[in-house]
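Asks: need a structure here:
(one chain, ligands or ions: 1)
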Amino acid sequence: MTTSQGLDAGQEIDSQCLKCKRVTNHIIIAMAEGKIAKVECNVCGARHKYRPPKIKKSKKVTKKKKVAKKAPKIPISQIKAEAHFEKIMEGLDSSTAKPYFMTETFSKDDLIDHSIFGMGLITSIIQPNKIEVTFKVGSKLLICKVKNPLKK
Ligand SMILES: [Zn+2]
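Replies: Numbers count the residues shown, from 1 in each chain. Next comes the predicted model:
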């Protein structure tokens, strides 16, 4: 009897052998309803029911899949800086911001537009050539000319 799977008595097939305690090469000795009924172990000669070789489950611990990318954590200091920035920017007209250049002259409370940090407000004059500017990313010290240097 030939089955659709092409299996028939006399063919070799891998089966578990209880005597050998492992998967060995067997010969099909009996078929039943298109299925393998009996096999004979090629190693020890034992005849038994066909036991399909189990697919050994890999014991390797599968690497944990990376959790779906979370939005990068924003440090609290950053959040505070942003909140602070938004607060001080309230009511200020950002269109009055002057592009920041080291050679430019600024004074306190000037709005500046920095090429890297973006919009910022000059919150204090540190030195005649140094200003503290509050940006969205926080406060930065910048070098520039100051219109009204600190009066001692
Ligand atoms: Zn065997």
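Asks: please parse the chain into its domains.
Replies: Domain assignment for the chain, taken from automatic domain parsing, gives 12-49, 76-146.
Asks: is it possible to export the ones you listed to a markdown table including mean pLDDT?
Replies: Shown next, in a markdown table, are the domains of the chain (pLDDT from 0 to 100):
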| stretch | mean pLDDT |
| --- | --- |
| domain 12-49 | 94 |
| domain 76-146 | 91 |
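Asks: pull the CA atoms of the helix or strand where G120 lies into CSV?
Replies: Per DSSP states H and E: G120 is located in strand 118-127. Output in CSV follows, covering the C-alpha atoms of strand 118-127 (Å, rounded to 0.1, in the frame of the first residue of the first chain):
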residue,chain,number,x,y,z
GLY,A,118,16.3,78.5,19.6
MET,A,119,14.4,81.2,21.3
GLY,A,120,15.7,82.6,24.5
LEU,A,121,15.3,85.4,26.9
ILE,A,122,18.2,87.3,28.4
THR,A,123,17.5,86.9,32.0
SER,A,124,20.6,88.5,33.4
ILE,A,125,23.8,90.2,32.6
ILE,A,126,26.6,88.2,34.2
GLN,A,127,29.6,90.2,33.0
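Asks: neighbouring strands of it in the sheet, and parallel or not?
Replies: Paired with strand 118-127 in the same sheet, following DSSP bridges, are strand 111-114 (antiparallel), strand 130-135 (antiparallel).
Asks: run through who's touching stretch 125-140.
Replies: By C-beta atoms under 8 Å, 6 or more residues apart in numbering, the surrounding residues in contact with stretch 125-140 are 77-78, 81-82, 84-86, 88, 100, 106-108, 112, 114, 117-124, 141-146, 148-150. No exception for glycine: its C-beta is placed from N, CA and C like everyone else's.
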